[in-house]
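1. give me a model of this one.
(chains A and B)
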Amino acid sequence: MAMLGNVLHLSPMVLATTTTTKPSLLNQSKCTKATPSSLKNCKTIDELKMFHRSLTKQGLDNDVSTITKLVARSCELGTRESLSFAKEVFENSESYGTCFMYNSLIRGYASSGLCNEAILLFLRMMNSGISPDKYTFPFGLSACAKSRAKGNGIQIHGLIVKMGYAKDLFVQNSLVHFYAECGELDSARKVFDEMSERNVVSWTSMICGYARRDFAKDAVDLFFRMVRDEEVTPNSVTMVCVISACAKLEDLETGEKVYAFIRNSGIEVNDLMVSALVDMYMKCNAIDVAKRLFDEYGASNLDLCNSMASNYVRQGLTREALGVFNLMMDSGVRPDRISMLSAISSCSQLRNILWGKSCHGYVLRNGFESWDNICNALIDMYMKCHRQDTAFRIFDRMSNKTVVTWNSIVAGYVENGEVDAAWETFETMPEKNIVSWNTIISGLVQGSLFEEAIEVFCSMQSQEGVNADGVTMMSIASACGHLGTLDLAKWIYYYIEKNGIQLDVRLGTTLVDMFSRCGDPESAMSIFNSLTNRDVSAWTAAIGAMAMAGNAERAIELFDDMIEQGLKPDGVAFVGALTACSHGGLVQQGKEIFYSMLKLHGVSPEDVHYGCMVDLLGRAGLLEEAVQLIEDMPMEPNDVIWNSLLAACRVQGNVEMAAYAAEKIQVLAPERTGSYVLLSNVYASAGRWNDMAKVRLSMKEKGLRKPPGTSSIQIRGKTHEFTSGDESHPEMPNIEAMLDEVSQRASHLGHVPDLSNVLMDVDEKEKIFMLSRHSEKLAMAYGLISSNKGTTIRIVKNLRVCSDCHSFAKFASKVYNREIILRDNNRFHYIRQGKCSCGDFCLTDDDLEVLKGCLDLGFGFNYDEIPALCKTLPALELCYSMSQKNLDDKHTPPLQLPIGRSLVPSCDNPDDVKARLKCWAQARRRRFQKGIGRSEFN
DNA sequence: CTAGGGTTAG
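-> Below is the predicted model:
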């Protein structure tokens, strides 16, 4: 990613020799006599500074060899301060201008991860007329390899050939390493194959190249070729690479073989190898073996601790990770920045802001904040702990500038002779990279701040040098799915294609989910069909898409296909299948799937699965069975389960059971407002106004309020959000006119407003008005007037859509010939031609017979108020056509019967409703037989 | 010259 300008065309200004800066003041009294050999004892930057001071005092500061070692030592410490000091010493001694000095600093910068600076130095050296030696190229290439500066590395390769170093073994080795690191394994292999002579390093570089990319198998193969066929003796570095390849492959067998090889060949097991072995055992899930090794080699090995801790974090064993961390501190090992990454990540997973902050403090005290990955980990931690402001502060302080921008800024400073400023430019906060942006965006998505996430994504677009990757798009697609905006979904898909972002299974799965949540199951399925290597989550997303679209049969087919393909369904997949059954009213299949979970697939049903079953049985009117299931649950039923039962009671109109369920919820989750609202709905439907008032009063006493319902609709890229009774929209007069028109036409078709949806103690007229101003109605009316004729209207609602608005949508779809897709917090409603895909409030053929009779007797009805009878789709259309005919027939106008609240308000038992309706149906048949009545129903 | 462990997603 770091691409500096063309080596040969770099502005000479950048390369201008800089003047000296003054060394910082030091505590002179503490100076001891410095000799080149005492350098080894310098462990801190202060000691190094003291050493330098002492050198200067003794007049030894022009000993090139010592100065170079000092520079190298200082670089090794790897803090900003130490590198700055190294640079200072370097600038002071530049009069010596040796190749050796340059080599040392280039290497220092490269090994500290400051590759851009290293490359700049390399370029500066090339342009200053100092001839490089065979060491300069490897150092320069190492910097290019680390920062993946492919272009610069290729240019250096050109220079190598031009200057006649192409046959040098060391240089060739570096080229192999560079190409492998940049993912150009073919080029690396070409250099490797053409070498006339190879040493361990050549082999190791190539093996490591394979191991680091996704060719771990090739790495292992090459290793065995090296030791068996070529009889080259590996060293510890080779072994570390091979072990890590086994770790990647999660191949314990080969790993153990390699370990045996090490013991037989007498290679000394060093700390790094132990770390690699521990890592390998951890990744192969042999935690106990890893732990044994860890205990054996002790906690004083920093690398080993880091390896152990990071593996614990990866497996979500955060407490164990922090335990390792504490152990380190106890044994006096100072955690480095790699340790801190694990530590911060643990705090982030634990959402422990207190420990997180103390990690941040440690980071600041040690100067680790100059590393981008440390900053990114901190941003993640603060985001997950809901300290968005702090996260953003760190994020904003990170540099926006790319290397190219840096180059020109530095050039400008150098031109004006502002050398300090030029170097300071490199000492700003680390560059914001794609991970930083991804961390912020995903943090916002996880905090349900979806619009904000998309906003940040948009501002990222204007950042030069930062390009969205698969991870970015997963977060953005997830945000889009929550917002339900199809236009955005389409744009996201287009964006991914246009920018050539690799569509792997994970991203593909997110897109399937996104399209299905945006009400476009066709696109969801076409993406699913295009995916190769589908895993269980991909299938689950497709099952969910079909379930949400109301196509339960297809969902179950997919579920069966998945099993047939040999994939093992997991808990989430079962939730998808059971939800499909529940929404499609497939009681028998749902039961079969539920009971097959443990028996056939070895997946223990969790509370969510019981919730699905309660939902399934409840919707089908099998309340007793649902209660029985709850009682048989092996775990304590939670509030979600009771809420499923309560919702079923609402549909079935079972007051007593509703009250029982609500009571349970109020104990388990007193803050759950929805249960009060549902219960008061049940009472209202049953006409038990006193009980309803009591529920509302107790809500008030507890200070609970029904969250405001909001509905949004996108018109020409702009989102319009409505709340209930909201009159702020500029087009309100037109919206109101439209609302009146729809409700008038609906009432002509026999629709009676379902006032039980109004939980207010007001008179009937007021109720009718309040009902007519529900947010989803406002959004629909606005959609009808402001979008083109015949286009689909898409609404997203935060709460569950009320039954009256559901009816309203069906009438509107029929009358205005519009497809309406309504998404609420429960499911999707695809409404076309007066019918809805959701499966609720729809009738079976059997029920239809009953309803025909009902109509025939002159009862108008409210589609949504026929509980227990409502299952299938085609029925609704028939009902519609019947009521249409009813309307046309002057002799049987729609009757205004006491059905506003419920068809049979006093009746708690759905079977009674059914029985009564059946009587009517029989009456109708008798009339037909006598030749009275209308024959078009046959 | 070559080296394990590292941040973001679900």
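2. output the below-cut-off pLDDT ranges for the stretch 751-900 of chain A.
-> For the stretch 751-900 of chain A, the stretches with pLDDT under 70 are A:751-752, A:756-757, A:759-761, A:838-900.
3. those helices in it, which residues are they?
-> Assigned by DSSP state H, counting those that start in this stretch, the stretch 751-900 of chain A shows helices spanning A:764-772, A:775-786, A:803-815, A:845-856, A:874-888.
4. try the stretch 551-700 of chain A
-> Assigned by DSSP H, counting those that start in this stretch, the helices in the stretch 551-700 of chain A fall at A:552-564, A:571-584, A:587-601, A:607-619, A:623-632, A:639-652, A:655-668, A:673-685, A:689-701.
5. now those helices as JSON lines including distance to DNA strand B, mean pLDDT and mean neighbour count?
-> In short, each C-beta sits where N, CA and C put it, glycine included. Converted to JSON lines, these look like this (distance: least, Cβ to the nearest atom of the strand, whole Å; pLDDT from 0 to 100; neighbours: other Cβ atoms under 10 Å):
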{"stretch": "helix A:552-564", "distance to DNA strand B": "17", "mean pLDDT": "94", "mean neighbour count": "19"}
{"stretch": "helix A:571-584", "distance to DNA strand B": "9", "mean pLDDT": "91", "mean neighbour count": "24"}
{"stretch": "helix A:587-601", "distance to DNA strand B": "21", "mean pLDDT": "92", "mean neighbour count": "16"}
{"stretch": "helix A:607-619", "distance to DNA strand B": "15", "mean pLDDT": "90", "mean neighbour count": "24"}
{"stretch": "helix A:623-632", "distance to DNA strand B": "28", "mean pLDDT": "90", "mean neighbour count": "16"}
{"stretch": "helix A:639-652", "distance to DNA strand B": "19", "mean pLDDT": "84", "mean neighbour count": "24"}
{"stretch": "helix A:655-668", "distance to DNA strand B": "26", "mean pLDDT": "87", "mean neighbour count": "19"}
{"stretch": "helix A:673-685", "distance to DNA strand B": "24", "mean pLDDT": "76", "mean neighbour count": "23"}
{"stretch": "helix A:689-701", "distance to DNA strand B": "34", "mean pLDDT": "78", "mean neighbour count": "15"}
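6. of the ones you listed, which approaches A:P753 most closely?
-> helix A:673-685 (13.1 Å; Cβ to Cβ).
7. what residues are up against A:S187?
-> With contact taken as Cβ atoms under 8 Å, 6 or more residues apart in numbering, A:S187 is in contact with A:Y179.
8. what's the helix or strand for it?
-> Secondary structure assigned from DSSP states H and E places A:S187 in helix A:185-194.
9. and A:T710, backbone torsions?
-> Main-chain dihedrals, A:T710, degrees, to the nearest 10: phi -130, psi 140.
10. about what we covered before: and A:L77, which of the helices of the stretch 551-700 of chain A is closest to it?
-> Nearest of the helices of the stretch 551-700 of chain A (Cβ to Cβ): helix A:571-584, 48.1 Å.
11. what's the spacing between that closest one and its chain's center?
-> 22 Å (Cα atoms, centre = their mean, to the nearest Å).
12. ok, A:K146 - contacts?
-> Applying Cβ under 8 Å, 6+ apart, the residues contacting A:K146 are A:110, A:113, A:115, A:181.
13. point out where chain A drops to low pLDDT.
-> A:1-37, A:78-80, A:94-97, A:299, A:401-429, A:685, A:749-752, A:756-757, A:759-761, A:838-938.
14. which residues touch A:D824?
-> A:796-801.
15. also A:L252?
-> A:246, A:280-281, A:284, A:286.
16. and the residues you listed, which of them are buried?
-> A:246, A:280-281, A:284, A:286 (16 or more other Cβ atoms under 10 Å).
17. still on that earlier bit, chain center to the helix holding A:S187, what's the gap?
-> Here helix A:185-194 shows a centroid-to-chain-centroid distance of 38 Å under the convention Cα atoms, centre = their mean.
18. what's A:V742 in contact with, if anything?
-> Neighbour list for A:V742: A:781, A:784, A:808, A:811-812, A:815 [criterion: Cβ under 8 Å, 6+ apart].
19. quick one: contacts for A:S516?
-> A:481, A:524, A:541, A:544-545, A:548-549.
20. much appreciated, bye for now.
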